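*Asks:* give me the fold of what follows.
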Amino acid sequence: MEIIHTVAELRERLDGHRANGETVGFAPTMGALHHGHRSLMAAAAEHNDVGVMSIFVNPLQFAADEDLDTYPRMLEADTAMAESVGVRYAFVPSVNEMYPEENWTTVSLRVVTEPWEGDSRPTHFAGVATVVTKLFNIVGPCRAYFGEKDYQQLAMLRRMAADLNQPVDVIGMPTIREDDGLAMSSRNLRLLPEHRAQAHVVSAALRAGIAAIDAGERNPDAVESVIRAHLTEATHAEDPDYVAAVDASSLLVPEQLSGDVRVLTAVRFGDVRLIDNMGTTIAGEPNT
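*Replies:* Numbers count the residues shown, from 1 in each chain. The predicted structure follows:
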């Protein structure tokens, strides 16, 4: 595996591969990799001729009071994991390489980014959309792999690629979980032991919401109540930032659930904020 630090060098390598008829798979990350990231990188390498991953902690998606400075950085372990699954190139740019001048241009989307994470972190999605657009422009035509754990981000990037005619196929990969159901996340490393012991309740609460839908519940408020009731079992958790049962495409709350549905939540344990989601399809009832 080759570690590349500049935009020009990565473009030269990948343009050469595509000129030879080879396909490119891309897994963008912010590092501190876990087995969820490993599945994305493995898919990029296995399902394409050339696998590429990136490690870039993007300052645009962190607000002033968020954890940019404390975000874990472990480059040696991350690149070793990437190499172990067959990644050909690791793109590890500096902030100056990605933003050589003051950034005058941002990318933002309406509707799918406004509720939930958008309410809680108003600058976050514009930062994600902007850096991913830059990465797509650098990498070029490819298949790009993102985890369903960040489902709102995945929905945004799918819509962004379609709206902007980006030559990228955005592919969602299933959430990878710990044995107790906790969704793998780089932020899990910062959980205190007592918080880690309670954090499994997040996935348990979402499973209860999905079970209610699968049993016939169609009122999104009732499903939300089921999830909130289960979250109260986490004695160390604060009140959730949000809980919702939504249409899987628009992420809006419908009057009645139908078709593809997602249940979403964000819960704080001390100073660590965990997000998670799960999905189900209501058979025979298309989205309305």
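*Asks:* walk me through the domains of the protein.
*Replies:* Taking automatic domain parsing as the criterion, the chain consists of the domains 2-173, 186-278.
*Asks:* which other helices and strands does the helix or strand of the chain with the lowest mean pLDDT contact?
*Replies:* Per-element confidence for the chain was summarised using mean pLDDT, DSSP states H and E. The lowest value among helices and strands belongs to helix 117-120, with a mean of 90. Using 3 or more Cβ pairs under 8 Å, 6 or more residues apart in numbering; DSSP states H and E as the contact criterion, the elements in contact with helix 117-120 are helix 124-139, helix 151-163. All C-beta spots, glycine's among them, are computed from the backbone N, C-alpha and C.
*Asks:* rerun at 7 Å
*Replies:* Under the contact definition 3 or more Cβ pairs under 7 Å, 6 or more residues apart in numbering; DSSP states H and E, helix 117-120 sits against helix 124-139.
*Asks:* which parts of stretch 152-167 are buried?
*Replies:* Taking 16 or more other Cβ atoms under 10 Å as the neighbour-count basis, stretch 152-167 is seen to contain the buried residues 152-161, 166.
*Asks:* can you map out the strands along the stretch 1-150 of the chain?
*Replies:* Listed in chain order, the strands of the stretch 1-150 of the chain (DSSP state E, counting those that start in this stretch) span residues 2-4, 24-29, 50-55, 89-91, 142-147.
*Asks:* and the contacts of stretch 263-275?
*Replies:* For stretch 263-275, the external contacting residues (Cβ atoms under 7 Å, 6 or more residues apart in numbering) are 116, 120, 151, 185, 187, 190-192, 195, 198-199, 202, 205-206, 209-210, 223, 227, 231, 236-238, 240-246, 276-278.
*Asks:* list the buried residues in it.
*Replies:* 263-267, 269, 272-275.
*Asks:* how many other residues sit next to residue 114?
*Replies:* Burial of residue 114, expressed as a neighbour count using other Cβ atoms under 10 Å, amounts to 15.
*Asks:* ditto for residue 145
*Replies:* By other Cβ under 10 Å, 26 other residues sit near residue 145.
*Asks:* so where's the chain uncertain?
*Replies:* Along the chain, segments meeting pLDDT under 70 span 64-67, 70, 72, 234-236, 285-288.
*Asks:* and the residue nearest the centre of it?
*Replies:* For the chain, the residue nearest the mean C-alpha position is residue 150 (3.1 Å; Cα atoms, centre = their mean).
*Asks:* just the helices in the stretch 151-288 of the chain please.
*Replies:* Using DSSP state H, counting those that start in this stretch, the helices found in the stretch 151-288 of the chain span residues 151-163, 193-198, 201-214, 220-231.
*Asks:* count residues in the vicinity of the nearest residue to residue 59 once chain neighbours are set aside, would you?
*Replies:* In space, and not counting its chain neighbours, residue 59 is closest to residue 68: 6.0 Å by Cβ to Cβ, 6 or more residues apart in numbering. By the other Cβ under 10 Å criterion, the neighbourhood of residue 68 contains 14 residues.
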